[in-house]
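Colleague: only geometry, no sequence info:
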């Protein structure tokens, strides 16, 4: 009898170990497959408004239409205040600095470096950028701190990479000509991103400039769009940077879905990288969970 019990216990332990091994292998090998591959990932950055200021706000009818039709992160929080640290987290997996007047250069691994290493293409479309390849300071409504790529050493020191920083006027042209790169980082100016102007202004900008993208043949095929508020309002310091609304749009995204899972910028960063087939994950993206629940 004792021998039988021992045998049963050994069998349970071995079986449990086998199940854990299978589960671990599934997670290790299946994560990238759980995120649909996309040939066109687009991130649009908006500014400084918390979840309860945006979701179901009647002054933002277009964005709330997208929320109802596609997917919303209900439990998404920025990492810090003010803006710049969140932009860096979303592109390097590290906050790097909380100084909005930062004038240095960072050599940290970043999304531009990994996309390039994977043989793919990227572009920053920045509204108000004075010229292609501009890496200087603020000019009128263009704010450098909203463009993390302008701080990356590997971008600044390489002419081809630097020329991926282009004025926003190129976005509609590239989209219409089916020439968008694998990854597009879209930065409205300080009025149209709701930093200086109202949410109504930002919503109208989205409808005018982003709706044509969503309805384009190229995007409908396998595109992924993330509309992201970089941080909550200044008084909202929950989880570091406040409660943010993040909307995901695309053919592979669930319709009418709202996620209750806790996410921050590193989770979206990892999701973007995996959707592009990038295997090397910088900073906090390495250990973060991808936003798998958003996809069909």
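Modeller: Alright, I've got the coordinates. Only a predicted model underlies this, so the values are computations on that prediction, with no experimental measurement involved.

Colleague: Would you confirm that residue 172 contacts residue 212?
Modeller: Yes: contact criterion C-beta atoms under 8 Å: residue 172 and residue 212 qualify, at 6.9 Å. Yep, even glycine has a C-beta here, placed from its N, CA and C like the rest.

Colleague: Counting neighbours, what do you get for residue 55?
Modeller: The number of residues packed near residue 55 is 17, by other C-beta atoms under 10 Å.

Colleague: swap that for residue 82, please
Modeller: 15.

Colleague: before we move on, what SS does the residue nearest to it when sequence neighbours are not counted have?
Modeller: Nearest non-adjacent residue to residue 82, counting by C-beta to C-beta, 6 or more residues apart in numbering: residue 100, 5.1 Å away. Assigned by DSSP: H, G, I helix; E, B strand; the rest coil, the conformation of residue 100 is coil.

Colleague: Residue 222 contacts residue 253, doesn't it?
Modeller: No: Residue 222 is beyond contact range of residue 253, at 11.0 Å (criterion: C-beta under 8 Å).

Colleague: thinking again about what came up before, report the contact partners of the residue nearest to residue 82.
Modeller: By C-beta atoms under 8 Å, 6 or more residues apart in numbering, residue 100 lies in contact with 82-84, 145.

Colleague: try 10 Å
Modeller: The neighbourhood of residue 100, defined by C-beta atoms under 10 Å, 6 or more residues apart in numbering, consists of 81-85, 143-146.

Colleague: Per the annotation, how does this protein divide into domains?
Modeller: 1-34, 38-294 (automatic domain parsing).

Colleague: Next, format these as a markdown table and append mean pLDDT.
Modeller: Below are these laid out as a markdown table (pLDDT from 0 to 100):
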| stretch | mean pLDDT |
| --- | --- |
| domain 1-34 | 42 |
| domain 38-294 | 97 |
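
Colleague: Out of the ones you listed, which is the most enclosed?
Modeller: Highest mean neighbour count of those: domain 38-294, a mean of 19 (counted as mean count of other C-beta atoms under 10 Å).

Colleague: Residue 110 contacts residue 150, doesn't it?
Modeller: No: using C-beta atoms under 10 Å as the test, residue 110 is too far from residue 150 to be in contact (11.6 Å).

Colleague: can you give me the helices in this protein?
Modeller: Remark: helices assigned in the chain by DSSP state H are 2-34, 51-54, 61-69, 83-92, 111-117, 153-156, 159-162, 169-176, 199-209, 211-214, 217-222, 265-275.

Colleague: Of all those helices, which one is nearest residue 233?
Modeller: Residue 233 sits nearest to helix 51-54 of all the helices of the chain, at 6.7 Å, using C-beta to C-beta.

Colleague: which secondary structure elements does that closest one contact?
Modeller: The contact analysis (3 or more C-beta pairs under 10 Å, 6 or more residues apart in numbering; DSSP states H and E) places helix 51-54 against helix 61-69, strand 71-77, helix 199-209, strand 224-229, strand 243-250.

Colleague: Next, format those as CSV and append distance to residue 106.
Modeller: Below are the helices and strands packed on helix 51-54 laid out as CSV (distance: least, C-beta to C-beta, whole Å):
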stretch, distance to residue 106
helix 61-69, 31
strand 71-77, 23
helix 199-209, 28
strand 224-229, 20
strand 243-250, 23
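
Colleague: Now residue 292: closest residue in space that isn't a chain neighbour?
Modeller: Nearest non-adjacent residue to residue 292 (C-beta to C-beta, 6+ apart): residue 34, at 4.6 Å.

Colleague: Would you mind measuring from that neighbour to residue 252?
Modeller: Distance from residue 34 to residue 252, counting by C-beta to C-beta, to the nearest Å: 11 Å.

Colleague: joint contacts of those two?
Modeller: Both residue 34 and residue 252 are in contact with residue 295, where contact means C-beta under 10 Å, 6+ apart.
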